[in-house]
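Enquirer: got a predicted structure here, sequence first:
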Amino acid sequence: MIRVERSGTGKSEGAGCDKLDYDTEVRHYREAFDALVRHPWVDPERVVIYGSSLGATTAPLVAQGKRVAGILVQGGGALTYFERMVNFDRHQLERQEAFDPARIDAEMRRRIAFQRLYLHQRQTPAAIEAAHRELRGVWASLLGTKSEPPHYGRPYAWHWQAAEKDWLAAWAKTDARVMVVYGEFDQYEALHGHRAIVDTVERLRPGSTRWLEIAGADHSLLIYPDRYAAYAGKGGERRWELFVDPVAAWLREIAR
């Protein structure tokens, strides 16, 4: 296995991902792929791309036009980025300790309106809240907005470009074998987003996909008794064999 580290991570040179936009990051991965397949240790006919979390969104884009034996993803689906962020909001409101069902409907309406202006119209949070008094306080209540840069450690441009991507179309274009792994209690990604990959590719190329749902697993594949404990992130049992064993079997099958 060869890990491709993004710019500014580990021994990888260049600006850190906190300064990169989405398109630049994908370009870097594609350039790294081209360098990787030229390495004397690598059989270019047996390359499998693995993407976890947000890497699951870039994996099918990296694979476009490349010779790839398989694509393995976990913790990321093929819904639009807007749907992904709205789903984050829903999970936060439903699963956080400060659970208030009487507020969820109204708060989701505010967040959906905010995300539309932010992601689809490329407005900054400050501009949105200045122009829309009814949306003030939304940004501060969202997950991942306490970092610097201010959204999950990425600049606004990263998220704006991600919101333009058609990931499902990218999956439809690949001719590689596909395996999708989903944790039952994923704190962020929806089951439907993962199933969209498998159902779409399988419909186009029957017999080319593999589905693995790990019971009790969260986004990091730690095992919890229920979705609320997983969302709190306290404890969690390490059962790596639930992931490693079936994935290794699939890799032996497609890359032998």
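Expert: Nice, I can see it.
Enquirer: so which elements touch the helix or strand hosting Ala140?
Expert: Under the criterion of DSSP states H and E, Ala140 resides in helix 138-141. Judged by 3 or more Cβ pairs under 8 Å, 6 or more residues apart in numbering; DSSP states H and E, the packing partners of helix 138-141 are helix 101-115, helix 125-131. No exception for glycine: its C-beta is placed from N, CA and C like everyone else's.
Enquirer: what's the first helix or strand after it?
Expert: helix 156-162.
Enquirer: what comes up buried for whichever helix or strand comes after that following helix?
Expert: As assigned by DSSP H and E, the chain's next helix or strand after helix 156-162 is helix 167-173. Residues Trp167, Leu168, Ala170, Trp171, Ala172 are the ones in helix 167-173 that count as buried (16 or more other Cβ atoms under 10 Å).
Enquirer: which outside residues touch helix 167-173?
Expert: 57, 60-61, 63-64, 77-80, 178, 196-197, 200-201, 204 (Cβ atoms under 8 Å, 6 or more residues apart in numbering).
Enquirer: please redo it, this time with the cut-off set to 10 Å
Expert: Applying Cβ atoms under 10 Å, 6 or more residues apart in numbering, the external contacts of helix 167-173 come out as 56-65, 71, 73, 76-81, 84, 166, 178, 180, 193, 196-198, 200-201, 203-205.
Enquirer: what's the answer for stretch 127-135, then?
Expert: For stretch 127-135, the surrounding residues in contact (Cβ under 10 Å, 6+ apart) are 109-111, 113-118, 121, 123-125, 136-140.
Enquirer: pLDDT score assigned to the most centrally placed residue in the chain?
Expert: The chain has Leu54 as the residue nearest its centroid, 2.9 Å off, counting by Cα atoms, centre = their mean. Leu54 is assigned 90 on the pLDDT scale.
Enquirer: residue contacts, it?
Expert: Shown in contact with Leu54 (Cβ under 10 Å, 6+ apart): Cys17, Tyr22, Glu25, Gly75, Gly76, Tyr81, Arg84, Tyr152, Arg154, Trp158, Ala162, Tyr188.
Enquirer: then Phe33?
Expert: Val4, Val47, Ile49, Val62, Ala63, Lys66, Val68 are the contacts of Phe33 under Cβ under 10 Å, 6+ apart.
Enquirer: helix, strand, or coil at the first one?
Expert: Translated: Val4. For Val4, the assignment made with DSSP: H, G, I helix; E, B strand; the rest coil gives coil.
Enquirer: so what does it have for phi and psi?
Expert: The phi/psi pair for Val4 (degrees, to the nearest 10) reads phi -90, psi 110.
Enquirer: for Trp240, see how far away it is.
Expert: 21 Å (Cβ to Cβ, to the nearest Å).
Enquirer: those two - which one has more neighbours?
Expert: Val4 (17 against 9; other Cβ atoms under 10 Å).
Enquirer: check which helix or strand covers the closest residue to the more buried one other than its chain neighbours.
Expert: Spatial nearest neighbour of Val4, excluding adjacent residues (Cβ to Cβ, 6 or more residues apart in numbering): Ala32 at 4.5 Å. Using DSSP H and E, Ala32 maps to helix 22-37.
Enquirer: list the buried residues for that helix?
Expert: So for helix 22-37, counting by 16+ other Cβ under 10 Å, buried means Tyr22, Thr24, Glu25, Val26, His28, Tyr29, Arg30, Ala32, Phe33, Leu36.
Enquirer: give me the neighbour count for the residue nearest to the first one when sequence neighbours are not counted.
Expert: So the one you mean is Tyr22. The shortest distance from Tyr22 to any non-neighbouring residue, by Cβ to Cβ, 6+ apart, is to Gln161 (3.8 Å). Gln161 has 18 neighbours, counted by other Cβ under 10 Å.
Enquirer: right, I'll leave it there.
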